[in-house]
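>>> return a 3D structure for these sequence lines:
(one chain, ligands or ions: 2)
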Amino acid sequence: MSDIILSVSGLSVGYGERPAAADVSFDLQKGEILCLVGESGCGKSTVLKALMAAPEIKLLSGSITLEGRVISDLPAKERRKLCSDRMGIVFQTPEATFNPIRSYRRQFIETLKSHGIYDRSAFDSQVAKAFEKLELKDWKRVIAECPYALSGGMNQRVALALALLLEQEILLCDEPTSALDATIQLQVAYEFKRLRDKNGVTQIIVTHNLALARFLADHIGVMYAGRLVELGKAEDVLSDPHHPYTKSLMEAVPKLDGEMPVGLPGSPPMTGPSESGCEFHDRCPLAKENCSCRAYAMQQVGDGHFVSCCDGKEAAE
Ligand SMILES: Nc1ncnc2c1ncn2[C@@H]1O[C@H](COP(=O)(O)OP(=O)(O)OP(=O)(O)O)[C@@H](O)[C@H]1O
Ligand SMILES: [Mg+2]
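Ligands and ions are numbered 1, 2, ... in the order given. Got it, this is the predicted structure:
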């Protein structure tokens with residue numbers, strides 16, 4: 001039997017009829033961590049929202065298969081219920097997903113009840129344990145607070161603590177460490193690894209932080225303008241990047257030696273994936289004439305390593 005727990009095939013989704021992410025395909029093995037990276041506006045959150053059947057997202061084409069069952073054909077409401085039963089999500093702005101003026105205690109209890117796992121006698125010790133894992137001191141005071149009264153980093157950790165309490169098979173996290181101090185980031189990163197190693201939790205983690213992706217990911221997917229442009233085992237993508245965009249992202253990472261990194265001028269198109277042509281061609285140092293009209297297609301360049309352009313690799317040789 002296949003160990004694939006979640007499969008996405010040729011998925012195109014949008015906030016209306018126009019796709020914000022297109023032709024996205026990947027398989028997730030049980031217990032695997034996939035990190036999605038890419039600049040702002042490249043469609044990372046959109047993919048996670050589509051997987052959770054967010055009401056604002058429209059499935060335009062392609063399929064989603066969860067635990068062997070094609071779910072993309074189900075009515076949106078049924079799909080949403082199924083997805084929230086099986087998958088947990090920590091949104092990019094957790095404070096926006098909780099009621100800002102309701103205490104976390106009440107919201108935790110409501111959520112645990114809605115999943116049928118609220119145990120009144122165990123609640124306090126469960127919360128204390130989850131908070132401790134995320135270096136959240138003084139859990140009694142924090143859980144009594146409302147989201148509006150806490151800092152962004154604090155809210156992010158409380159949202160993660162709830163995800164730990166729910167213990168779902170699949171965890172989707174949208175920039176879970178972006179508001180955290182470096183030391184806490186490390187703690188949270190270890191917690192993700194522990195979730196995978198001890199509990200076999202499958203995870204998709206969206207991050208801008210390539211160092212975090214290097215530490216956590218089994219596989220890395222690089223997104224640009226709503227498309228996956230490179231996908232493969234983390235070590236292959238980071239040590240042997242083929243797409244010029246992946247190379248540019250890596251070169252833009254600041255180092256501690258004081259040297260300024262090579263920047264990547266410009267920004268991704270706001271219009272999302274185009275009908276034809278490589279969306280990166282106008283920023284690509286290696287662009288050729290036909291890049292603006294070349295059809296998007298992933299090609300295999302190694303074991304489980306796919307890329308929509310190999311020019312970065314040719315240049316590196
Ligand atoms: N609620 C929305 N309504 C309409 N378009 C949206 C909405 N949210 C995002 N988009 C558009 O979808 C595209 C992908 O956005 P998305 O938020 O998925 O990017 P992202 O990779 O998560 O960026 P970031 O790193 O800034 O979070 C962008 O062009 C964005 O403008
Ligand atoms: Mg986002």
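
>>> what are the phi and psi angles of the residue of the stretch 51-200 of the chain found nearest ligand 2?
Closest residue of the stretch 51-200 of the chain to ligand 2, C-beta to the ion: Gln92 (4.9 Å). C-beta: built from backbone N, CA, C; applies to glycine. The phi and psi values for Gln92, taken as degrees, to the nearest 10, are phi -60, psi -40.

>>> skipping adjacent residues, who's closest to it in space?
Asp174 (4.0 Å; C-beta to C-beta, 6 or more residues apart in numbering).

>>> surely that neighbour and Pro94 touch.
No: counting by C-beta atoms under 8 Å, Asp174 stays clear of Pro94, with 9.2 Å between them.

>>> more crowded one of these two?
When neighbours are counted by other C-beta atoms under 10 Å, Pro94 comes out ahead of the other of Asp174 and Pro94, with 24 against 21.

>>> and Met52, its phi and psi?
phi -90, psi 10.

>>> okay, Gln92: pLDDT?
Gln92 is assigned 80 on the pLDDT scale.

>>> revised request: answer the last question for Glu317.
So Glu317 comes in at 41 (pLDDT).

>>> next, the closest residue to ligand 2 within the chain: phi, psi?
Among the residues of the chain, Ser45 lies nearest to ligand 2; the distance is 3.1 Å by C-beta to the ion. Dihedral angles phi and psi of Ser45 (degrees, to the nearest 10) take the values phi -60, psi -40.

>>> equivalent analysis for Cys278, please.
The phi/psi pair for Cys278 (degrees, to the nearest 10) is phi -80, psi 130.

>>> that one: how many residues sit nearby?
Cys278 has 27 neighbours, counted by other C-beta under 10 Å.

>>> the residue nearest to the spatial centre of the chain pairs with what?
In the chain, the C-alpha nearest the mean C-alpha coordinate belongs to Val206, at 2.7 Å (C-alpha atoms, centre = their mean). Per DSSP bridges, the residues bridged to Val206 are Leu36, Asp174.

>>> flag the shaky bits of the stretch 1-150 of the chain, pLDDT-wise.
By pLDDT under 70, the low-scoring segments of the stretch 1-150 of the chain are 1-2, 95.

>>> which strand or helix spans the residue of the chain positioned farthest from its centre?
Distance from the C-alpha centroid of the chain peaks at Ser121, with 34.1 Å (C-alpha atoms, centre = their mean). Following DSSP states H and E, one finds Ser121 within helix 120-133.

>>> next: Asp85.
Assigned by DSSP H and E, Asp85 falls in helix 76-86.

>>> now swap in Arg105 and tell me
Arg105 belongs to helix 104-114, assigned by DSSP H and E.

>>> hmm, who's touching that helix?
98-99, 118, 123, 127, 142-147, 158, 162, 165-166 (C-beta atoms under 8 Å, 6 or more residues apart in numbering).
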